[in-house]
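In: have a look at this prediction, sequence included:
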Amino acid sequence: MAAFYSTRGSGPTGLEAVLQTGTAPDGGLFVPERLAAFERGALAESGTPAELAQRMLAPYFEGSSLAAALPEICADAFAYPLPLADLSPASNGARLQLLELFHGPTAAFKDYGARFLSACLERILVDEPASSQPLTILVATSGDTGAAVASAFSGRDKIRVVVLFPKGRISPRQEHHLGCWDENVQALAVHGAFDDCQRLVKQAFADSGLRERVRLGSANSINLGRLLPQSAYHAWAALKAGEGSHFVVPTGNMGNGVACLWAREMGAGVGRILLTTNANRTIGDYLSSGEYRGRESIGTLANAMDVGDPSNMERLRHHFDGDVDRIRAAVSAASVDDERIRRRIRREHEDSGAVLCPHTAAGVDACRDLLAEGGTPDGDWVIAATAHPAKFETVVEPLIETTVAPPPQLEELLLRPSSHEEIPAELAALTPFLG
Ligand SMILES: *Cc1c(COP(=O)(O)O)cnc(C)c1O
């Protein structure tokens, strides 16, 4: 029977409760009691990403009510192409490939985790008596999370979704994608930054009176149900790109970063991991100083990574018992500011016609910069391409001086009507929307 513990010690907790609550009762984040270890050769027998996910995640589902449904859940989450696409080689000749994670319904990697979680929760709730209380998923978003979660849960029975986003700090298209869903999805524009949205979510979860009245669930990357499938796509890329390929992971809340680390720990053959942030430098500063200091986020062009106090740092530190030297040995970090993001988007387009979203551009820039310095390990690199550039057209189009056509699935969403409400960044303003 798989068991999960809080990063702060409490547990064990079963999979069903972990997926429904997101945060552990002691305020920590759930992690598996131990990560499963595989032979790379055994993982490589998987013919599709869904099959690989099923193989890698089976140990965490063992003994749970969801175990038998895992193949269907993985098929649901990995229903879209997961290609690797070449960029022009690095200055040292290394092969650079983009792992295109943006072929799902909202064109960002978060579709994988959101659909996986949704497929799990639907099955848990359907097994409950008809009179049981609906689950209200409360999610803070700096852009892409909200759309992926709204899409994945839209129209589901017994589940409501409330999406908080920082008013005026996401692109018009992103805003549209939050409010164009079925009636069980409510979008709320919060007067504040992403960190205010995240704080409201934490406050709601910490309010015991509220939680007695409302059954709250989370779908931020603090939810383990999102991280587990993300490990599978990193592993898929590592199997395709060759043993020891290095990874660049554009990261904000450290969800994708932790997922890549777990893929390596589970035996996928991931080489080095280079975490890339935008100008929010908390992770890099922690690795250089050894002292963790969360701070206010600052707004950047790569706004889905505008996080000053990344929640999943707690999982990273827990994994290495808080030993910063071990963390430094496992991952490195680079920060790429807006100027470099702009330059990189322009240059890749000029050099090879590649069009990158700002987050992916930060990753590509960090990678090329590292390789240009020399003294880096040999080997090829995989860069996680986290969103389709058409989601960030207001940034990308002026730089490359041409339009970026949205993929068909986004076109379709843009034709739907979209609406949201506005609230101040206070818990009292949020609670009426929670049911
Ligand atoms: C969410 C997001 C990120 C950052 O992911 P984390 O899980 O917070 O590390 C990067 N790029 C895009 C496009 C995103 O939507």
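Out: Structure received.
In: setting aside sequence neighbours, what's the nearest residue to the closest residue to the ligand within the stretch 201-350 of the chain?
Out: Closest to the ligand within the stretch 201-350 of the chain is residue 255: 2.8 Å, counting by CB to the nearest ligand atom. The way it works is simple: take the backbone N, C-alpha and C, and place the C-beta from them, glycine included. Nearest residue to residue 255, sequence neighbours excluded (CB to CB, 6 or more residues apart in numbering): residue 221, at 2.9 Å.
In: for the stretch 51-200 of the chain, give me the ranges with low pLDDT.
Out: Applying pLDDT under 70 to the stretch 51-200 of the chain flags no residue at all.
In: residue of it nearest the ligand, please.
Out: At 3.1 Å from the ligand, residue 144 is the closest residue in the stretch 51-200 of the chain, using CB to the nearest ligand atom.
In: number of nearby residues for that residue?
Out: A count of nearby residues for residue 144, using other CB atoms under 10 Å, gives 30.
In: do residue 324 as well
Out: Residue 324 has 16 neighbouring residues, counting by other CB under 10 Å.
In: surely it and residue 288 touch.
Out: No: checked against CB atoms under 8 Å, the pair residue 324 and residue 288 is beyond contact range at 9.7 Å.
In: okay, the residue of the stretch 201-350 of the chain closest to the ligand: pLDDT?
Out: Predicted confidence (pLDDT) at residue 255: the value is 94.
In: neighbours around it, how many?
Out: 26.
In: quick check, it in contact with residue 316.
Out: No: assessed by CB under 8 Å, residue 255 is found out of contact with residue 316, at 10.5 Å.
In: next SSE after the helix or strand harbouring residue 393?
Out: Under the criterion of DSSP states H and E, residue 393 resides in helix 393-400. Later in the chain than helix 393-400, the nearest helix or strand by DSSP H and E is helix 408-414.
In: buried residues of that next one, list them for me.
Out: 409, 410, 413 (16 or more other CB atoms under 10 Å).
In: ditto for stretch 417-433
Out: Those buried within stretch 417-433 under the rule 16+ other CB under 10 Å are 420, 423, 425, 427, 429, 430.
In: what's the spacing between it and its chain's center?
Out: Here stretch 417-433 is found 24 Å from its chain centre; the criterion is CA atoms, centre = their mean, to the nearest Å.
In: again, but for stretch 114-123
Out: Between the centre of stretch 114-123 and the centre of its chain there are 15 Å (CA atoms, centre = their mean).
In: near the ligand, anything from it?
Out: No: Stretch 114-123 is not in contact with the ligand by CB under 6 Å from any ligand atom; minimum separation 11.0 Å.
In: contacts for that stretch, please.
Out: Contact with stretch 114-123 is made by 19-20, 65-66, 69, 72-74, 76-77, 79, 104, 135, 145, 148-149, 151-153, 156-157, 159, 217, 219, 223, 225-226, 228-229, as judged by CB atoms under 8 Å, 6 or more residues apart in numbering.
In: name the helices or strands packed onto the helix holding residue 393?
Out: Identification of packing neighbours for helix 393-400 by 3 or more CB pairs under 8 Å, 6 or more residues apart in numbering; DSSP states H and E yields helix 338-352.
In: perfect, that will be all.
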